[in-house]
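J.: take this sequence and fold it.
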Amino acid sequence: MTVKTAPLARTEALQRENPREAAAYSISALAKEFGITTRTIRFYESRGLISPQRIGTTRKYSKRDRARLMLILRGRNLGFTVEDVSEYLSLYDSDPGQLAQTRLLLDKVTDAIDDLETKRRDIERSLADLNEIRARCDAHLKARER
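T.: Residues are numbered from 1 along each chain as shown. The predicted structure follows:
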């Protein structure tokens, strides 16, 4: 007969009462799934973006934590700051209709698109200049080699 610690026994009882919360992920499992380090996950936890259940020193991440981590990583990959992502996630619980959250996201996405379009124009201009310089260099070298 094994003796379970009180927090673990409470967790199991809670999971039986609320099966939707039954899925629990370890920090290493999430890190492996998303291709990130455990340090990255702990960073997002320290910023209050995810809040796993603690059983002693062990972290147990719920489906909600996993979904939030997925949103965090997607937002970061799209160039949003941790503060932007935090603002977006904080609206989720306080805005059941998700209207404010959707407006915020629309504003952030529109700004990001505008910024990327500006960068694309700058890159295209730089590429045109570099291609012109390369062509001049090629022509100069060919003329000297004759």
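J.: who touches the strand or helix carrying residue 90?
T.: Under the criterion of DSSP states H and E, residue 90 resides in helix 82-94. Helix 82-94 is contacted by residues 44, 47-49, 68, 71-72, 75-76, 80, 98, 100-101, 104-105, 108 when judged by C-beta atoms under 8 Å, 6 or more residues apart in numbering. Just so you know, the C-beta spots here come from the backbone N, C-alpha and C atoms, and that holds for glycine as well.
J.: out of those residues, which is most surrounded?
T.: Highest neighbour count within the contacts of helix 82-94, by other C-beta atoms under 10 Å: residue 72, with 24 neighbours.
J.: distance of the residue positioned nearest the centre of the chain from residue 35?
T.: The chain has residue 73 as the residue nearest its centroid, 1.4 Å off, counting by C-alpha atoms, centre = their mean. Distance check for residue 73 against residue 35: by C-beta to C-beta, to the nearest Å, it reads 9 Å.
J.: quick one on the thing from earlier: what about the closest residue in space to the residue nearest to the centre of the chain that isn't next to it in sequence, how many neighbours?
T.: Nearest-residue entry for residue 73: residue 34, 5.9 Å, with adjacent residues in sequence omitted and distances by C-beta to C-beta, 6 or more residues apart in numbering. Using other C-beta under 10 Å, residue 34 is surrounded by 15 other residues.
J.: got a list of what residue 34 touches?
T.: 69, 70, 73.
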